[in-house]
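**Q** below are the sequence and a predicted model for it; my questions follow.
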Amino acid sequence: MTAMTIQIYRAHLTLMESVYFASREVGILYESEPLIGNYALTYALGFCASPYDWSGPPRYQQDLGPLNARGIYVTPATFLPGMLRYTFSQFNAQSDSYYSRFDQNAIATERDKKARAANFPQAGKLRMLGAESLATFYVITREEECPFLPSYIRLGKFMSKARVEWQPLPLVSQQPEAADKDIGFMLNAADLSPALVSTLRAFSIYNIHPAPLLSHCRLSGLFWQARDADGASVYLPADMSYGVVDL
């Protein structure tokens, strides 16, 4: 990235409604992991857009790839300790008709007619990220003009509302510096350069699609150093970009 135009923003994300996405399924329980992926955030922020009506394969390379050329990158959202809530809900998609039966992974409501097979659950429980949960993420850009930073976005399967508050972080140095750091926020494993991946010595992993997310990382490499409003240093790996070519 061009050091003269690098800009870093820290975003404070507040969930105003329960947010659901299926990242783990255990029997009839469908769980949302305690995180928000950076690809989903990038779409939600409006930095890229996919066609409204699309039934093909994922478009990560077409949609996110151009952001690498522009020098825009969004990290995954990390929930703050003690600021994550969960909401549980039940759903039942079965028919209320007088007659019903299970037929071909679907519920038939007519005695002499087979139902079309449906690849979705008929009933179960949801564990969602609860309203008022707080998380942070970062936006790194090397464009001279800052991209539009919205105050409200929609997230998850139910397009739940969330508020975003932005804080610009001034750089301490105009060049990334070599360092050995413990990173307290989520990183996308697919978005790290091979040089960074080779230095990973400790981490926890969430195996979710489309790429695993890492937490509590200790790694060596080039870092941008910035300062927040309290004067505390913030370190972000300099070699991050959307690794959509290999997905």
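**A** Looks like it came in fine.

**Q** mean pLDDT per helix and strand in the protein: which one sits at the bottom?
**A** Using mean pLDDT, DSSP states H and E, strand 101-102 stands out as the lowest-scoring helix or strand of the chain, at a mean of 72.

**Q** now that strand, how far from the centre of its chain.
**A** On the basis of C-alpha atoms, centre = their mean, to the nearest Å, strand 101-102 sits 37 Å off its chain's mean C-alpha point.

**Q** the spatially most distant residue from the centre of the chain: what's it in contact with?
**A** Among the C-alpha atoms of the chain, the one most distant from their mean position (C-alpha atoms, centre = their mean) is that of Asp112, at 45.8 Å. Shown in contact with Asp112 (C-beta atoms under 8 Å, 6 or more residues apart in numbering): no residues. Using the backbone N, CA and C atoms, a C-beta is placed for each residue, glycine as well.

**Q** Ser97 versus that one, what's the distance?
**A** Per C-beta to C-beta, to the nearest Å, Asp112 is found 14 Å from Ser97.

**Q** next: Ala178.
**A** Distance, Ala178 to Ser97, using C-beta to C-beta: 67 Å.

**Q** state the pLDDT value of Met83.
**A** The confidence metric pLDDT takes the value 96 at Met83.

**Q** give the buried residues for the lengthiest helix in the chain.
**A** In the chain, assigned by DSSP state H, the helix with the most residues is helix 60-70. Within helix 60-70, the residues scored as buried using 16 or more other C-beta atoms under 10 Å are Tyr60, Asp63, Leu64, Leu67, Asn68.

**Q** the last one: what's its closest spatial neighbour, skipping adjacent residues?
**A** Among residues not flanking Asn68 along the chain, Ser241 sits closest, at 4.6 Å (C-beta to C-beta, 6 or more residues apart in numbering).
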